[in-house]
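Colleague: Mind looking at a prediction? Sequence and model below.
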Amino acid sequence: KKVELGSFLNETISAFNQSYERDFLLEVEKEPLIVRTDAVKLKQLLYILLDNARKYSSDRIEVIAKAEGTTIIQIKDYGYGIPKDSLPYVFDRFYRVDKARTRETGGVGLGVSLAAHLAELLDLRLEIESIEDLGTTVSVIFSSNFNVAEVQLKEEGSS
Ligand code: ATP
């Protein structure tokens, strides 16, 4: 239940990269960064986001974990990006940006909606920022204080 994000993200990226040899940069801004979550579901969610970053970019993929009041994991790519008009629809089931380049990659358009479902189960918020032809950043935001193990521990100690 308690997950240290530094080692967890390292493992997740290594496992992912056994199938796809991509250039990754992992940056954990504060260590240890401990959260309370379901590691299996969080890994599934991150695989979906990593897979999209891989499919829709060719440069390095960055994974950043930080604590700014709440804990945030970001998956950042420097790929095709998502056109502004399409951005509101990427959470819809079976939606795919209608561009020749996205049609070339495999997929049915279920990834992001499944990620959103997992995020709901884990009480996480997903935010997608994207600029066409520059890239995409997906932020996985832990609901403030609730999933952060350190805060839970302090509360237990003070009672
Ligand atoms: P799959 O069902 O295999 O995940 P998919 O990748 O098409 O297929 P989603 O993951 O739901 O489906 O993504 C929906 C659409 O959003 C994609 O088709 C793509 O156009 C766009 N998209 C998602 N992530 C990115 C990204 N990192 N960069 C650019 N476009 C993206």
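Modeller: In hand now; what should we look at?

Colleague: and R125, how many neighbours?
Modeller: R125 has 16 neighbours, counted by other CB atoms under 10 Å. All C-beta atoms are positioned from the backbone trio N, CA, C, and that covers glycine.

Colleague: Near the ligand, which residues of this structure are found?
Modeller: Residues of the chain lying close to the ligand (CB under 6 Å from any ligand atom) are 52-53, 55-56, 77, 79-82, 90, 95-97, 102, 107-113, 136.

Colleague: Counting neighbours, which of these end up buried?
Modeller: Buried by 16 or more other CB atoms under 10 Å: 52-53, 55-56, 77, 79-82, 90, 95-97, 102, 111-113, 136, out of those.

Colleague: In terms of pLDDT, where does the closest residue to V108 other than its chain neighbours sit?
Modeller: Once flanking residues are discounted, V108 sits nearest to F94: 6.3 Å by CB to CB, 6 or more residues apart in numbering. If you check F94, the pLDDT there is 79.

Colleague: Please apply the same query to K99.
Modeller: The pLDDT attached to K99 in the predicted structure is 66.

Colleague: can you list the weak-confidence ranges in this structure?
Modeller: The model of the chain has pLDDT under 70 over residues 99-104, 144-159.

Colleague: Would you mark the buried spots in the longest helix seen in it?
Modeller: In the chain, with assignment by DSSP state H, the single longest helix is helix 39-55. In terms of neighbour count (16+ other CB under 10 Å), helix 39-55 has its buried residues at 42-43, 45-46, 48-55.

Colleague: and which of those residues is nearest Y20?
Modeller: Ranked by distance to Y20 (CB to CB), the buried residues of helix 39-55 are led by R54 at 5.5 Å.
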